[in-house]
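Participant: fold the following.
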Amino acid sequence: MTFEEILNKVKAMAKKIDVSGVDFIAVQVNLKDLDKTFYVEVKDGKVNVEPYEYNDRSCALTISSADFNKLIDGKLDPVAAFTIGKLKVDGDIGKALEFSKLIKN
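Facilitator: As a prediction, this is how the structure comes out:
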């Protein structure tokens, strides 16, 4: 998938995510093989997805585009991906886990 296809897929998913009860999350996703970055922000009951870096992020995830696609399709468990080194987390690991629960819905 291209970066634009992945970004559009995440934006479509964001419209369906139930963020009630979620205070604030800002996750930057670094797609290492494409050398591209985007962020997902949950704030004030809304989800924003933009193709930029997020300086005040809760955490940053670094993953290949293929593995990220598997992750959001539910074919790759985020904890397993982290454990075997397919997913790197920089920052608040608790927020990364909270984010992974949101994208599983």
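Participant: okay, now residue 60: neighbour count?
Facilitator: Residues lying near residue 60 (other Cβ atoms under 10 Å) number 20. C-beta: built from backbone N, CA, C; applies to glycine.
Participant: where does this protein dip in pLDDT?
Facilitator: 105 (pLDDT under 70).
Participant: now the helices for it?
Facilitator: Remark: helices assigned in the chain by DSSP state H are 3-14, 65-72, 78-83, 93-104.
Participant: you'd agree residue 90 is up against residue 59?
Facilitator: Yes: between residue 90 and residue 59 a contact is recorded at 6.3 Å, counting by Cβ atoms under 8 Å.
Participant: the two: which has the busier surroundings?
Facilitator: In this view residue 90 and residue 59 are compared by other Cβ under 10 Å, and residue 59 has more residues nearby, 21 against 13.
Participant: how far away is the more buried one from residue 25?
Facilitator: Distance, residue 59 to residue 25, by Cβ to Cβ, to the nearest Å: 9 Å.
Participant: what touches both of these two?
Facilitator: Each of 95, 99 lies in contact with both residue 59 and residue 25 under the rule Cβ atoms under 8 Å, 6 or more residues apart in numbering.
Participant: residues contacting the nearest residue to residue 72 once chain neighbours are set aside?
Facilitator: Spatial nearest neighbour of residue 72, excluding adjacent residues (Cβ to Cβ, 6 or more residues apart in numbering): residue 103 at 5.4 Å. When contacts are counted by Cβ under 8 Å, 6+ apart, residue 103 is found next to 13, 17, 71-72.
Participant: may I see those residues arranged in JSON lines, with distance to residue 98 and neighbour count as well?
Facilitator: Shown next, in JSON lines, are these (distance: Cβ to Cβ, whole Å; neighbours: other Cβ atoms under 10 Å):
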{"residue": "13", "distance to residue 98": "16", "neighbour count": "17"}
{"residue": "17", "distance to residue 98": "12", "neighbour count": "15"}
{"residue": "71", "distance to residue 98": "15", "neighbour count": "21"}
{"residue": "72", "distance to residue 98": "15", "neighbour count": "18"}
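Participant: in the residues you listed, find the pair that's most separated.
Facilitator: Greatest spatial distance in the contacts of residue 103: 17 and 71, 14.4 Å, computed using Cβ to Cβ.
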